[in-house]
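# Return a 3D structure for these sequence lines:
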Amino acid sequence: MLAIRLKRMGAKHSPYYRIVVSENDRVPRSRAIEELGFYHPVSPEKSVKINAERATYWLSKGATPSDSVRSLLKKQGIAV
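Numbering: from 1, shown residues only. Next up, the predicted model:
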């Protein structure tokens, strides 16, 4: 089963996240199938960039987004 979730990157006290598609039973920091975008929560504007075309493709293939990714997709206007 596939999952769309956040992969934590960055240094201590300044995290950023990559939005990735990976196997559901793998560790979140493990190798991902595909990277869909990024999320910087520490930056002043909390920048988010998601490749909408690829995200809808993986959603149509049955990938389930995590709760945090689901809220980011809704904010970007991508149907979940």
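# From here on, just use CA atoms for contacts and neighbour counts.
Will do.
# all strands of this protein, in order?
Assigned strands in the chain, in chain order: 2-11, 14-23, 34-39, 48-50, 64-65 (criterion: DSSP state E).
# Out of those strands, which is closest to Gly77?
Gly77 lies closest to strand 48-50 among these, at 10.4 Å (Cα to Cα).
# what number of residues lie near Arg29?
Burial of Arg29, expressed as a neighbour count using other Cα atoms under 10 Å, amounts to 11.
# The closest residue in space to it that isn't next to it in sequence: neighbouring residues, count only.
Leaving out its chain neighbours, the residue that sits closest to Arg29 by Cα to Cα, 6 or more residues apart in numbering is Lys7, at 5.8 Å. Other residues near Lys7 come to 21 when the count uses other Cα under 10 Å.
# Would you mind confirming that Lys7 makes contact with Val20?
Yes. Here Lys7 lies in contact with Val20, judged by Cα atoms under 8 Å, at a distance of 6.8 Å.
# what's near enough to touch the residue nearest to the spatial centre of the chain?
The chain has Ile19 as the residue nearest its centroid, 2.2 Å off, counting by Cα atoms, centre = their mean. For Ile19, the contacting residues are Ile4, Arg5, Leu6, Lys7, Glu35, Leu36, Gly37, Phe38, Tyr39, Ile50, Val69, by Cα atoms under 8 Å, 6 or more residues apart in numbering.
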